[in-house]
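> The amino acid sequence is not available; the structure is as follows:
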């Protein structure tokens, strides 16, 4: 790349840390847009923004090779009216203001990658969802995803390529969905959840970072499913996790029990019961090679075998 600057909006969470660790050796300069204070840490510059309004932070976008936006309130919460509003607003507002900032740049970022979600596709047991024939339905999560992508692509940025990454569950050692699953498995509660027939679309954190690197290298635009090529049923995924952790038994959690548990954990059963049967057709067509194609390989590496 001619330019050696990366901008990472919302880069202080789990996925931000994954990308920082991967891209730090590849860029001379990384700027993280954060709601925290301005500071430098390990050659990364943290610049304060509110993720809603233009400000001094927008100058950082000049001459950047890439802008990656990961901003958005976590969906790991109860879907109250207030939380639903915050989930939507945090995604729409940050995307809108970054689009505005890109248009105001004299030399804008060459590539803008915006988060989306594999949850945009309908609950699917009967077919694998790719970027061409995947079916998008109607519920809160899918409607948020549709509006998010519409906001992103609705602004034309003639000098900046745009890619929306429909990311599945990212498995890694230091955060995300894997840690609570590991905890319940250690407690002997790592059986299937609900029917166990629902598909889990997942990707190892290293492959997540590598996929974004590949998107930049190949200059891929439009929507891209960032997920491993082999979805696995929830029952099989939990069996893989139990085996990796040396847990011979795991109690199942029927839906009624999950409803009670998620209420006390202040989250929603959709996060474990929706069947996400998503495949990365465009990445595979472009020649991307996954290091972790099978869930067993990924889980064993993360658990530390």
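Arrived safely, thanks for sending. Treat the numbers as computed from the prediction; the structure is a model and nothing was measured.
> Just to check, residue 70 is in contact with residue 117?
No: with contact defined as Cβ atoms under 8 Å, residue 70 does not reach residue 117; the gap is 11.6 Å. Yep, even glycine has a C-beta here, placed from its N, CA and C like the rest.
> ok, residue 192 - contacts?
234, 235, 238, 252, 253 (Cβ atoms under 8 Å, 6 or more residues apart in numbering).
> and those residues, which two are the farthest apart?
Greatest spatial distance in those: 235 and 253, 11.3 Å, computed using Cβ to Cβ.
> So those two - more neighbours on which side?
Set side by side, residue 235 and residue 253 show more neighbours around residue 253, with 22 against 18, by other Cβ atoms under 10 Å.
> tell me the pLDDT at the more buried one?
We have a pLDDT of 88 for residue 253.
> ok, it touching residue 188?
No: between residue 253 and residue 188 there is no contact, the gap being 11.6 Å when judged by Cβ under 8 Å.
> re earlier: what about the contacts of residue 192, which are in strands?
Among the contacts of residue 192, DSSP state E puts none in strands.
> so can I have JSON lines of the residues you listed showing distance to residue 103?
Formatted as JSON lines, those follow (distance: Cβ to Cβ, whole Å):
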{"residue": "234", "distance to residue 103": "43"}
{"residue": "235", "distance to residue 103": "48"}
{"residue": "238", "distance to residue 103": "47"}
{"residue": "252", "distance to residue 103": "52"}
{"residue": "253", "distance to residue 103": "48"}
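> ok, so of the residues you listed, who is nearest residue 165?
residue 234 (23.5 Å).
> Just give the nearest non-adjacent residue to residue 75, would you?
Nearest in space to residue 75, with sequence neighbours left out and distances taken as Cβ to Cβ, 6 or more residues apart in numbering, is residue 87 at 6.1 Å.
> tell me the contacts of the one you found?
Going by Cβ under 8 Å, 6+ apart, residue 87 touches 72, 73, 75, 77, 144.
> Top of those residues by number of neighbours, please.
Neighbour counts for the contacts of residue 87, by other Cβ under 10 Å, peak at residue 72, which reaches 24 neighbours.
> Nearest residue to that one in space, please, no chain neighbours.
Distances taken as Cβ to Cβ, 6+ apart put residue 91 closest to residue 72, at 4.5 Å, once the chain neighbours are dropped.
> I'd like the mean pLDDT over the helix or strand containing the one you found, please.
Element membership of residue 91 [criterion: DSSP states H and E] is helix 81-104. Helix 81-104 shows a mean pLDDT of 97.
> Can you list the neighbours in contact with the helix or strand following it?
For helix 81-104, the succeeding helix or strand toward the C-terminus, using DSSP H and E, is strand 111-117. Contacts of strand 111-117 from elsewhere in the structure, counted by Cβ under 8 Å, 6+ apart, are 65-72, 91, 95, 98, 102, 141, 145, 148-149, 152, 157, 160-167, 212, 215-216, 219, 223.
> quick one: which of these sit in strands?
Members of the contacts of strand 111-117 lying in strands (criterion: DSSP E): 66, 67, 68, 69, 161, 162, 163, 164, 165, 166, 167, 223.
> so what's the third one closest to, chain neighbours aside?
Going back to what we said before, that points to residue 68. Using Cβ to Cβ, 6+ apart, the closest residue to residue 68 is residue 113 (4.7 Å).
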